[in-house]
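Colleague: heads up, no residue letters with this:
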């Protein structure tokens with residue numbers, strides 16, 4: 001039994017290393033591919049208004065630690081277009097590259113999840129720390145942090161809890177495929 005636990009421990013660590021490597025590769029590739037869009041949006045924001053190109057949003061993970069998510073500043077004439085197309089979230093690839101986020105993971109919330117579900121969240125946070133994701137199990141099921149009712153947020157957290165409890169590279173692959181081919185994931189794009 002101890003040998004099996006040791007093997008599973010090694011396997012879990014290996015999966016985490018692979019997940020992080022895939023995050024880095026995806027973030028670098030995305031930053032390269034979308035660099036022309038980055039440059040165009042940067043120029044448009046600078047030409048339209050003074051001030052910073054990016055803004056940060058403080059969000060919270062399961063361990064109640066804040067993450068500052070990087071986004072393009074929306075309060076310009078092109079802001080609505082950036083939001084509708086999801087381009088405003090492209091700078092989030094920087095968060096992924098520096099290790100604050102992952103491509104797939106639980107949502108990052110505007111308020112601490114423990115405010116909604118209390119100790120259950122905190123216990124889970126201590127057993128398996130996963131970075132918040134650009135997409136996730138809750139998002140592909142139509143739930144994201146823009147949920148405007150306590151019941152919708154509870155359901156979103158339940159989907160995130162399922163993800164955290166059942167995380168694997170195969171589940172990540174499933175979430176990515178569902179994100180690419182699901183209208184619900186686009187309709188609930190939190191970034």
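Modeller: Cool, the structure landed. Keep in mind that this is a model prediction, so the values were computed, not measured.
Colleague: can you count the residues close to residue 170?
Modeller: 10 (other CB atoms under 10 Å). (Glycine included, C-beta is placed from N, CA and C.)
Colleague: Residue 58 too?
Modeller: 10.
Colleague: And it, which helix or strand is it part of?
Modeller: Assigned by DSSP states H and E, residue 58 falls within strand 54-60.
Colleague: Quick one: distance of the helix or strand following that strand to the chain centre.
Modeller: Note on strand 54-60: by DSSP H and E, the next helix or strand toward the C-terminus is strand 66-72. On the basis of CA atoms, centre = their mean, to the nearest Å, strand 66-72 sits 10 Å off its chain's mean C-alpha point.
Colleague: list the buried ones in the strand holding residue 58?
Modeller: 55, 59, 60 (16 or more other CB atoms under 10 Å).
Colleague: That strand to strand 66-72, inter-axis angle?
Modeller: 150 degrees (axes from the mean of the first three to the mean of the last three CA atoms, to 10 degrees).
Colleague: From the contact counts, what lies against strand 54-60?
Modeller: strand 66-72 (3 or more CB pairs under 8 Å, 6 or more residues apart in numbering; DSSP states H and E).
Colleague: Heading C-terminal from the strand it packs on, find the next helix or strand.
Modeller: Per DSSP H and E, the helix or strand that comes after strand 66-72 is helix 79-85.
Colleague: which residues touch that following helix?
Modeller: 41, 72, 73, 74, 87, 88 (CB atoms under 8 Å, 6 or more residues apart in numbering).
Colleague: got the buried residues for the biggest helix by length in the chain?
Modeller: Determined from DSSP state H, the single longest helix within the chain is helix 2-33. Residues of helix 2-33 classed as buried by neighbour count (16+ other CB under 10 Å): 19, 22, 23, 26, 27, 30, 31.
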